[in-house]
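**Student:** What follows is a predicted protein model with its sequence.
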Amino acid sequence: MVRPPWRSIPACTALVALGFVCLGCYLGWLEYAARVAERDSWQRLMSPTQADPGLTAPEVQPTSDAARVTVGIYLERIAKFEVPQSSWTAVLDIWFEWEGDRFDPAARLVAVDGSIGRLDTLREIHEGEHHFVCYAAEIQFTRVFGVTHFPLDDHLLLLGFENGEFDRRQLLFVPDTANSVSSSRVAVPGYRVTGLRAIEKPHSYKTSRGLPHAEPGLPATFSQARFGLELRRDGWGLFLKMFQALFVAVAIAVLPFFIRPTHVDPRFGLGVGALFAAVANAYLIISYVPQTGEFTLADMVNLVGIVTILITLVESTISLLIWQEWGRQDLSRRLDRAAFLAVLGGYVTANAAILLGAIG
């Protein structure tokens, strides 16, 4: 009869612990790299001189006689914020101020990635060459939210406005940075509003849209007034609510290490029950995020939990084999004690590495 050497227990438990550490470090590195890329993307989106991610910087400059229109917003509230549906709705006041010819900058107003549902005139002032118009608007924006860090996710909500008739050589938007603010009523459950930033930057399309007399292959470039609202996840409340059941399930899964392996029902029943709880938690996560292929922070935490529960079931099987088939009760007990320390310690370490990577 082949019997395991005494030294196999420390070696195997050390290998399991190392596996947890490697898995946690790898997943934590993925979260950290995604966080760095997200911050770089936000910086590019809100930089007047840097091109948007994936695009080249357009060089279309306004002419000396281009109309310069000051534009600002007062964000009153966010009526809807739906991450799974990839949309959000803003209620705001938007105003335009300019000198020279009298025209309506809002007549061909385009909300980038949005649909203007309401645009009502609040106030008009026309004094000679000076013009001012203020509107009340409700706009539904489409936004594919990044959910890599969910449920510790942050978001940058962009409100971009262009004039669909005049390109950047003819009209230049000048953001009213002094007066563009968000109301104290702006609130999104689970998030904290950190501020509103305003810039102007050129926005190019891949085509001239068939505009007569345009150079072939020359993209149309418009002046875009861009306002960015940052949402930061407010605390760890959602994280704890989502995973408290999973953490309890993992704790239950390691309890059988203190039960004789010959007591098959509790020894394996607790682990199987914990596995079903982890699977149910995975289905809960799916309901919170869009149907994308992104592997979120929540998926990583759930994966580590499922792997941990699976390892406890495998260890129980080996411990039962040692106890009954090889008749080594003392070795079985040693394996259980060592496995308890390795699995529990490795589980905590892996989760800590993932969370450290997520918060950057």
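**Tutor:** Perfect, thanks for sending it.

**Student:** Direction included, what does the longest strand anywhere in the chain pair against?
**Tutor:** Looking across the chain with DSSP state E, the single longest strand is strand 67-82. Sheet pairing for strand 67-82, assigned by DSSP bridges, gives strand 87-99 (antiparallel), strand 171-175 (parallel), strand 181-182 (parallel).

**Student:** Downstream of the shortest one, the next helix or strand is which one?
**Tutor:** If you walk from strand 181-182 toward the C-terminus, the next helix or strand you reach (DSSP states H and E) is strand 191-204.

**Student:** Give the buried residues for that next one.
**Tutor:** 191, 193, 196, 198-204 (16 or more other CB atoms under 10 Å). Bear in mind the C-beta positions are built from the backbone N, C-alpha and C, glycine included.

**Student:** Among those residues, find me the one that's closest to L246.
**Tutor:** L246 lies nearest to Y191 out of the buried residues of strand 191-204, by CB to CB, at 23.2 Å.

**Student:** Which positions in the one helix or strand A111 maps to come out as buried?
**Tutor:** Per DSSP H and E, A111 falls inside strand 109-112. Within strand 109-112, the residues scored as buried using 16+ other CB under 10 Å are 109-112.

**Student:** What of stretch 126-143?
**Tutor:** Those would be 131, 133-141, 143, for stretch 126-143 by 16+ other CB under 10 Å.

**Student:** what sits opposite V110 in the beta ladder?
**Tutor:** The partner residues for V110, given DSSP bridges, come to E162.

**Student:** Could you pull up the residues touching it?
**Tutor:** 161-164 (CB atoms under 8 Å, 6 or more residues apart in numbering).

**Student:** Just the buried ones among those residues, please.
**Tutor:** 161-163.

**Student:** of the residues you listed, closest to A178?
**Tutor:** Proximity of those to A178 (CB to CB) peaks at F161, which lies at 17.7 Å.

**Student:** that older thread, can you report the mean pLDDT over the residues of the longest strand of the chain?
**Tutor:** Mean pLDDT, strand 67-82: 94.

**Student:** ok, then the element right after the strand holding A111?
**Tutor:** Scanning onward from strand 109-112 (DSSP H and E), the first element met is strand 114-127.

**Student:** Please identify the buried residues of that next one?
**Tutor:** Judged by neighbour count using 16+ other CB under 10 Å, the buried positions of strand 114-127 are 114, 116.

**Student:** What pairs with that strand, parallel or antiparallel?
**Tutor:** Strand 114-127 has these strand partners (DSSP bridges): strand 130-142 (antiparallel).

**Student:** what about the strand holding A111, distance to the chain center?
**Tutor:** 25 Å (CA atoms, centre = their mean, to the nearest Å).

**Student:** quick one: low-confidence ranges for this protein?
**Tutor:** 1-7, 54-61, 63-64, 207-218 (pLDDT under 70).

**Student:** Tell me the buried residues in the longest helix seen in it?
**Tutor:** As assigned by DSSP state H, the longest helix anywhere in the chain is helix 8-45. Going by neighbour count (16+ other CB under 10 Å), the buried part of helix 8-45 is 9, 12-13, 16-17, 20, 23-25, 27-28, 30-32, 34-35, 38, 42, 44-45.

**Student:** Then stretch 315-334?
**Tutor:** Buried residues in stretch 315-334 (16+ other CB under 10 Å): 315-316, 318-320, 322-323, 328, 331-334.

**Student:** Could you report the neighbour count for A67?
**Tutor:** Per other CB atoms under 10 Å, the neighbour tally for A67 reads 18.

**Student:** domains of the protein?
**Tutor:** 8-35+237-359, 65-233 (automatic domain parsing).

**Student:** quick one, phi/psi of E165?
**Tutor:** Torsion angles at E165 (phi, psi; degrees, to the nearest 10) stand at phi -100, psi -40.

**Student:** ok now do the closest residue to it other than its chain neighbours, which residues does it touch?
**Tutor:** Closest residue in space to E165, ignoring its immediate chain neighbours: R108 at 4.1 Å, by CB to CB, 6 or more residues apart in numbering. Contacts of R108 were listed using CB under 8 Å, 6+ apart, and they are 163-166.

**Student:** follow-up on the earlier one: for L356, state which of the contacts of V110 is nearest.
**Tutor:** Nearest member of these to L356, counting by CB to CB, is F161, at 39.2 Å.

**Student:** Distance-wise, check the closest residue to the closest one other than its chain neighbours relative to Q170.
**Tutor:** Residue nearest to F161 in three dimensions, not counting chain neighbours: A225, with 4.7 Å by CB to CB, 6+ apart. Separation of A225 from Q170 (CB to CB, to the nearest Å): 15 Å.
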